[in-house]
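*Asks:* Got a sequence here, can you model it:
(chains A and B)
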Amino acid sequence: MSATVEPRISGELAAIVGPANVLTSDVDLLAYGYDGTWFESRPACVVLPATAAEVQAIHRLACRERLALTPRAMGSGLSGGSVPLAGSIVLNVMRMNRILEIDAVDGVAVVEPGVITADLQRAVEARGLFYPPDPSSLKQSAIGGNVAENAGGARCLKYGVTSDYVNALDVVLPGGELLRTGGRMVKNVTGYNLRALFTGAEGTLGTIVRVTLRLLARPRFTKTATAAFDRLEDAAAAVVAILGAGLLPTSIELMDQLTMRCVEEARPAGLPVESDALLLFAVDGNYAEIVDAELGRIVELAREHGAGATRVAADAQESARLWDARRSISPALARKTPHKLGEDISVPRSALVPMVRAIRAIAARNDLLIPVFGHAGDGNLHPNILCDRRDPAMMARVRVAAREIFEAAVAAGGTLSGEHGIGLLKKQFMELDLGADTLALMRRIKDAVDPLGIMNPGKVFPDPGGIDAFELP
Amino acid sequence: MRGFTGNDVPPASVYDQCVRCGLCLPTCPTYVETLIETSGPRGRIALIKAVDEGRLDLLSPGFVHQMSECLDCRACEAVCPSGVAYGQLLEPARTQIERATAGTQPAGRRLTRWFTLDGLFAHLSLMRFVAALLRFYQRSGLRGFARRSGLLRALGVERLEAMAPEFSERFFVPRGQEWVATSQPAKLTAFLHAGCVMQVAFAAVDEATVRVLQRAGCDVVAPRAQGCCGAIAIHAGDLERGRALAKKNIVAFERSGADAYVVNAAGCGSSLKEYGHLFADDPLWAERAAAFAAKVRDVTEFLDAVGLGPGLGAVNAVVTYQEPCHLAHAQRISAAPRRLLAAIPGLVLREMEESSLCCGSAGVYNVTQPEMAERLGRRKIANALATEAQVIATANPGCALQLTNGLRDAESAVIVKHVVELLDESYAAYKPTSRASSARAASTLG
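*Replies:* Just a heads-up that it's a prediction; the model follows:
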């Protein structure tokens, strides 16, 4: 167990943020030691700043004292990105939670990092505007974390990921300088694209303190449909066919039978649990007839490619129930086993069918349950390996299966992570994906921005001889 | 390092279901007020797990504080996609703390605990006696004297005194009464749970419940042998006392032969519905308790299912609905009370923001955690007043008390009513002859 910060340091932190916003008690250090994964690591203390200036002062202190900092928002991440390793101080930004501006003319929202994503969406939608990125954790994740991990979501198929909406960022650099990069414009090519560098950097380069997000006009109509399949591969093939026919729905989500069963046990949503797989489609637009026509064509193509029962959701309530069910998948899987290893591979569309087949083969070969679901339309799948960490023999098989899934994804031209980030969970596989040269450049960038190595230590970069996902508590 | 011991240990099978997704956090009243992870369900589950695994001391001040600061409102449980039965972790954790500190608590606190748990709530006749004394205090000149004289402040009970309910003019005492449905044959026979606080401080709600059940076509019985549901003891960590009270109610209901055990206090209802779980490890009682629990119905749930029938008159008022935690979260009943209110002619139901966020009442919470209770109370009143409703409807005595006190502090003229009181007024306002006259005879509120 690592030590709590010295009183001298907590005193200085208290002078910056006020004594109530420095937490050092045993219970607080336990509660800020985890995220949405199974990792747990005790921080040296927790500090809760309310302004960018306070974040700068904390950084300067950390720099002077060579103390590690781990930025954290809601701690809902699925890759261990905000778990404080090596006795880090948790820098929690949830008190910085104001929506500073929603500007319909410039089409931007300016927000602090602690704004809950769903709250931002509600606020902009009330003004007829639209913030498309919709990670399944949108009700319990904040914009700061979304930007740090470059979160995705179901609507990314049509609208792109978080980084496509980050027009400007304010980042406190490790030494305490305030970097302001980007602007309110969509087009902006002056200099290196630093906002792209800090988006998805997982807190290893600095602390995000303000985000300017691009907003679109809110589509007036959204409709949902489902198509059930007797074979998972047919569902995957239907996805490829629909997109190949020139249609671009908002979302195409896939869930296999095991996934549906877990969700139905958690909260019955009327999913066809007897089928091998389900596709969930959403189409949006400003003209009801066009939305209906596109959704009709999609359902027709699904049937042509082997769908049995198909259904267009009758109203907004039925749609909401289906999408709530979709968003509850990841936590609902915990009903089968005490633990799960949630993967997040992303493959080219052409590899969707072979990838789905490969995952099933890996599950069978290693005698494991691996429900498959995900954003099939953009090739981002979430095979979740169900497991019990108290069973060492099972965990040895989980380890093999995880590696095999990564290898299959990379061999198919895909990647380790589509939207969760690398964090702790996948760092040991980085070279497999990126190759030595790319990884070496990343290290040089990290060393240039954070020469003392105080920002979120132990993340993203593989750790020779170090811990991996299976050795941590 | 002290850990959990003996029976009533928070089960690992329950806390292991938490995958730490964090979906519970934005629904947790103490989290949204503090924005501190430790003060949220995910944090508290992690702490309970840490105590069970020997990584945190049972009596560490932070753990004791967190177990007490939780409102047990179950908002987290209602949204949890992993199905973590949070209450099944919190209640035994509190029992463990109570047991470990039983000998070390200050004498005053032990005395209060003994008086309330072993006295008032165990013997409702004693509660009625004490309530009658307090009623005398409230209605004679004594209260005015005590408040003016500074005596209350001197005794350190000023806050407590101000929070006490106004006791009813006449109490509702279950003595084995039987009422018949207004239209025969009766659809069902309802066993009325008269409650403890309900019968002395909200007797009018019990009376309204009887009338509304009759009008909805049900016979009603109120057997004498019933008692307190045990919720106060269970939430305070005294599971044994809770079980003793539960047995009384199970036997009373079995003997009555009624079709349903109808409750108009959401807190009691959720406790009564959990009797199966309370006796899960008791082979003698498990089956009877589960059979009993399956017949328990909140009055709004019951009326929504049997139907209100004809005869509703106009109640011209703008009403907002405050969801009791133990109805919305613990019993997952949200639509039924709203449907009942919407069925009342003339009544305009206007939703408030955060209608399902705890008002801060939570049983004895405003006594044990006064500061947080007050913060949540103010938040709730602000949300309710923003609707410009004339009436806040709710379905639980604790909420009614908290709201009434909050409205008084805000110097508001808005009043608080139980959903069945509004239904009762609606039936009373019914004029079968002409529509025009029924509108004229509409109940006036406030």
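
*Asks:* Would you map out the domains in the chain?
*Replies:* Let's take chain A. Chain A resolves into domains spanning A:99-217, A:221-332, A:337-426 when parsed by automatic domain parsing.

*Asks:* wrong one, I was asking about chain B
*Replies:* What automatic domain parsing lists as the domains of chain B is B:12-101, B:107-163, B:177-304, B:311-440.

*Asks:* Out of those, the one nearest A:Thr212 is which?
*Replies:* domain B:12-101 (23.3 Å; CB to CB). Every C-beta, even on glycine, is put in place using the N, C-alpha and C of the backbone.

*Asks:* That closest one: end-to-end distance?
*Replies:* Domain B:12-101 has an end-to-end distance of 23 Å (criterion: CA to CA, to the nearest Å).

*Asks:* can you tell me if that domain touches chain A.
*Replies:* Yes - using CB under 8 Å from any CB of the partner chain, domain B:12-101 reaches chain A at B:16-26, B:35-38, B:42-43, B:46-47, B:50, B:55-57, B:60-63, B:65-66, B:80-83.

*Asks:* Tell me which residues touch A:Met211, please.
*Replies:* One thing to correct before we go on: residue A:211 is Val, not Met. Residues near A:Val211 by CB atoms under 8 Å, 6 or more residues apart in numbering or on different chains: A:Val110, A:Val111, A:Glu112, A:Pro113, A:Ile143, A:Gly144, A:Val147, A:Val166, A:Ala168, A:Leu169, A:Asp170.

*Asks:* What about these, which are in helices?
*Replies:* Mapping the contacts of A:Val211 onto helices (DSSP state H) picks out A:Ile143, A:Gly144, A:Val147.

*Asks:* What pLDDT is listed against the closest residue to A:Leu258 other than its chain neighbours?
*Replies:* With CB to CB, 6 or more residues apart in numbering or on different chains as the criterion, A:Leu258 has its nearest non-adjacent residue at 3.9 Å, and that residue is A:Pro371. Looking at A:Pro371, its pLDDT stands at 95.

*Asks:* still on that earlier bit, now for the contacts of A:Val211, which sits with the most neighbours around it?
*Replies:* A:Ile143 (32 neighbours; other CB atoms under 10 Å in any protein chain shown).

*Asks:* Mind naming the longest helix for the chain?
*Replies:* Here I'm looking at chain A. Under DSSP H, chain A gives helix A:392-411 as its longest helix.

*Asks:* actually it's chain B I care about, not the one you picked
*Replies:* helix B:239-256.

*Asks:* what separates whatever helix or strand comes next after that one from the chain centre, distance-wise?
*Replies:* Helices and strands here follow DSSP states H and E; after helix B:239-256, the next one along the chain is strand B:260-263. Distance of strand B:260-263 from its chain centroid, counting by CA atoms, centre = their mean, to the nearest Å, is 15 Å.

*Asks:* before we move on, what about stretch A:96-108?
*Replies:* The answer for stretch A:96-108 is 23 Å, by CA atoms, centre = their mean.

*Asks:* What residues sit buried inside it?
*Replies:* Neighbour counts over stretch A:96-108 (16 or more other CB atoms under 10 Å in any protein chain shown) mark A:Met96, A:Asn97, A:Ile102, A:Asp106, A:Gly107, A:Val108 as buried.

*Asks:* Could you measure from B:Asp16 over to B:Glu53?
*Replies:* Using CB to CB, to the nearest Å, we find B:Asp16 at a distance of 11 Å from B:Glu53.

*Asks:* if I read this right, A:Ala228 contacts A:Leu278, doesn't it?
*Replies:* Yes - using CB atoms under 8 Å, A:Ala228 makes contact with A:Leu278 at a distance of 5.4 Å.

*Asks:* just for chain B, where's the confidence low?
*Replies:* By pLDDT under 70, the weakly predicted segments of chain B are B:153-157, B:159-160, B:433-446.

*Asks:* What sits closest to the residue in chain A positioned nearest to chain B if chain neighbours are left out?
*Replies:* Residue of chain A nearest chain B, by CB to the nearest CB: A:Val27 (3.2 Å). Using CB to CB, 6+ apart and skipping residues adjacent in sequence, the residue nearest A:Val27 is B:Gly62, 3.2 Å away.

*Asks:* quick one: that neighbour is in a helix?
*Replies:* Yes - counting by DSSP: H, G, I helix; E, B strand; the rest coil, B:Gly62 is part of a helix.

*Asks:* my guess is it meets A:Leu23, correct?
*Replies:* No - using CB under 8 Å as the test, B:Gly62 is too far from A:Leu23 to be in contact (9.6 Å).

*Asks:* Backbone torsions only: list them for A:Gly306.
*Replies:* phi 100, psi 10 (degrees, to the nearest 10).

*Asks:* ok, now B:Ala216?
*Replies:* Given degrees, to the nearest 10, the pair of backbone angles that B:Ala216 has is phi -80, psi 0.

*Asks:* correct me, but it touches B:Gly311?
*Replies:* No - here B:Ala216 lies out of contact with B:Gly311, judged by CB under 8 Å, at a distance of 9.5 Å.

*Asks:* returning to what we had before: give me the element the residue of chain A closest to chain B is part of.
*Replies:* Taking DSSP H and E as the criterion, A:Val27 maps to helix A:26-31.

*Asks:* Helices of the stretch 351-473 of chain A, start to end?
*Replies:* With helices called from DSSP state H, counting those that start in this stretch, the stretch 351-473 of chain A shows them at A:352-365, A:392-411, A:430-434, A:436-449.

*Asks:* can the ones you listed go into CSV with extra columns for mean neighbour count?
*Replies:* Formatted as CSV, the helices of the stretch 351-473 of chain A follow (neighbours: other CB atoms under 10 Å in any protein chain shown):
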stretch, mean neighbour count
helix A:352-365, 19
helix A:392-411, 18
helix A:430-434, 17
helix A:436-449, 12
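
*Asks:* Return the distance of B:Glu354 relative to B:Glu33.
*Replies:* 12 Å.

*Asks:* tell me the secondary structure for the nearest residue in space to B:Ser39 that is not next to it in sequence?
*Replies:* Residue nearest to B:Ser39 in three dimensions, not counting chain neighbours: B:Thr30, with 4.5 Å by CB to CB, 6+ apart. With three-state DSSP as the basis, B:Thr30 sits in helix.

*Asks:* So B:Thr30 sits against B:Met372, correct?
*Replies:* Yes - B:Thr30 lies in contact with B:Met372 (CB under 8 Å); the separation is 6.2 Å.

*Asks:* intersection of neighbour lists for those two?
*Replies:* Joint contacts of B:Thr30 and B:Met372 (CB under 8 Å, 6+ apart) are B:Glu69.

*Asks:* How many residues are close by the residue in chain B positioned nearest to chain A?
*Replies:* Residue nearest to chain A within chain B (CB to the nearest CB): B:Gly62, separated by 3.2 Å. When neighbours are counted by other CB under 10 Å, B:Gly62 registers 19.

*Asks:* now do B:Gly103
*Replies:* 7.

*Asks:* mind checking how far it is from B:Arg110?
*Replies:* The gap separating B:Gly103 from B:Arg110 is 9 Å, by CB to CB.

*Asks:* what do you get for B:Val84?
*Replies:* Distance of B:Val84 to B:Arg110, computed by CB to CB: 33 Å.

*Asks:* Which of these two has more residues huddled nearby?
*Replies:* B:Val84 (23 against 14).

*Asks:* residues contacting the more buried one?
*Replies:* B:Val84 sits next to B:Val14, B:Tyr15, B:Gln17, B:Cys18, B:Ile45, B:Cys76, B:Glu77 when contact means CB under 8 Å, 6+ apart.

*Asks:* show me what contacts the residue most central in space within chain B?
*Replies:* Central residue of chain B (CA atoms, centre = their mean): B:Gly267, 2.7 Å from the mean position. By CB under 8 Å, 6+ apart, the contact list for B:Gly267 reads B:Cys229, B:Ala231, B:Pro324, B:His326, B:Gly363, B:Asn396, B:Pro397, B:Gly398.

*Asks:* Is it in a helix, a strand, or coil?
*Replies:* Going by three-state DSSP: B:Gly267 is helix.
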